[in-house]
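Participant: Below is the sequence, then the predicted model.
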Amino acid sequence: MTKITLKTEHTTQMINITGEVKEAVITSGIKDGIVVVFTPHTTSSVALFENVDQNLRRDYLALLKDYVSGREFAHKGGNAQGHLKSALTGATVSIPVADGHPMFGEWQGVFFCEFDGPREARDIIIKVING
């Protein structure tokens, strides 16, 4: 198991962690199985997303903002939108591993999504499972 910690710079942002996922698979030594990427925070998520056009990431964050904006929330913590975005998008992705490499599609990457930043330390856990 690998744990990485990120510092986020903005209230909402997407950080490409594809390289870290690939490295965790390689260093695990597992040739065939699955890699699971998980964030233990309730105001962030992990997403399998298009990894070339940064504008699409901006569009995604804007769509989520629009989806949860303009509502009153019973949650008094001031970060209800972050919790809701996280619940809508999910805390885990799983990618098949073959021949020691994650089986990403041509345009796919793994992104950590911050919804309540900036934060000094955000954790991501990467587990490669033999199978």
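Facilitator: Looks like it arrived, so ask away.
Participant: what residues does the longest strand anywhere in the chain touch?
Facilitator: Selection of the longest strand in the chain by residue count, based on DSSP state E, yields strand 122-130. Outside of strand 122-130, the residues within contact range by CB atoms under 8 Å, 6 or more residues apart in numbering are 1-8, 17, 20-21, 24-25, 28, 30, 32-41, 44, 46, 97, 112, 114. The C-beta positions use only the backbone N, C-alpha and C, and glycine is treated the same way.
Participant: Mind checking which of those residues are buried?
Facilitator: Burial by neighbour count, 16 or more other CB atoms under 10 Å: within the contacts of strand 122-130 this picks out 2, 4, 6, 8, 17, 20-21, 24-25, 28, 30, 33-39, 41, 44, 46, 97, 112, 114.
Participant: Spell out for me which residue occupies the centre of the chain.
Facilitator: Centre of the chain computed as the mean C-alpha position; nearest residue by CA atoms, centre = their mean is residue 46, 1.9 Å away.
Participant: quick check, it in a strand?
Facilitator: Yes. Using DSSP: H, G, I helix; E, B strand; the rest coil, the assignment for residue 46 is a strand.
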